[in-house]
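Colleague: Just a sequence and a predicted model for now, questions to come.
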Amino acid sequence: MVSAQNERVTDPSQPRPRPKTQQQEKKTLREILGLKPRPKLNWWQRIPWQLKASVIVIAVALLFAFLKVTLMAIIFGLIGAYLLVQGLKKSFKVRRPWF
């Protein structure tokens with residue numbers, strides 16, 4: 001019984017799995033076209049401009065609110081809220097590959 005199992009394992013007529021070739025790193029389209037890779041962005045450059053602008057616009061809205069200029073505070077507050085929402089949408093977007 002044991003010898004029958006050994007024969008199955010060492011039987012040369014069975015196809016053997018191919019050895020795995022070394023996996024190559026996937027090339028980006030820029031590398032395929034021979035262009036320079038994009039420079040890496042630091043943490044400040046990765047923040048969308050809408051988020052940066054919304055902080056300033058909301059600060060201006062708060063300044064107008066403290067100065068009791070209600071209409072300007074409301075206008076700048078709405079603009080700041082819009083920019084904040086747009087910036088958050090952009091920053092939480094996930095880039096997925098095509099395949």
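Modeller: That came through, no problem.
Colleague: Name the SS class of Pro19, please.
Modeller: Following DSSP: H, G, I helix; E, B strand; the rest coil, we place Pro19 in the coil state.
Colleague: and the gap between it and Gln86?
Modeller: Look at Pro19 and Gln86: by C-beta to C-beta, to the nearest Å, they are 52 Å apart. Any C-beta I mention is one placed from the backbone N, CA and C, and that applies to glycine too.
Colleague: cool, Lys26 as well?
Modeller: In this structure, Lys26 and Gln86 are separated by 32 Å, where distance is defined by C-beta to C-beta.
Colleague: ditto for Gln45
Modeller: Applying C-beta to C-beta, the value for Gln45 to Gln86 is 18 Å.
Colleague: Looking at those two, which is more packed in?
Modeller: Between Gln45 and Gln86, counted using other C-beta atoms under 10 Å, the more crowded position is Gln86 (16 against 8).
Colleague: for the protein, which helix is longest?
Modeller: Longest among the helix segments of the chain by residue count, using DSSP state H, is helix 70-92.
Colleague: tell me which residues in it are buried?
Modeller: Within helix 70-92, the residues that qualify as buried are 73, 76-77, 79-80, 83-84, 86-87, counting by 16 or more other C-beta atoms under 10 Å.
Colleague: what helices or strands is it leaning on?
Modeller: The criterion is 3 or more C-beta pairs under 8 Å, 6 or more residues apart in numbering; DSSP states H and E, and the helices and strands that helix 70-92 contacts are helix 49-66.
Colleague: Quick one: mean pLDDT over the helix it packs on.
Modeller: When pLDDT is averaged along helix 49-66, the result is 97.
Colleague: and it, which residues are buried?
Modeller: Counting neighbours by 16+ other C-beta under 10 Å, the buried set in helix 49-66 is 50, 53-54, 57-58, 60-61, 64.
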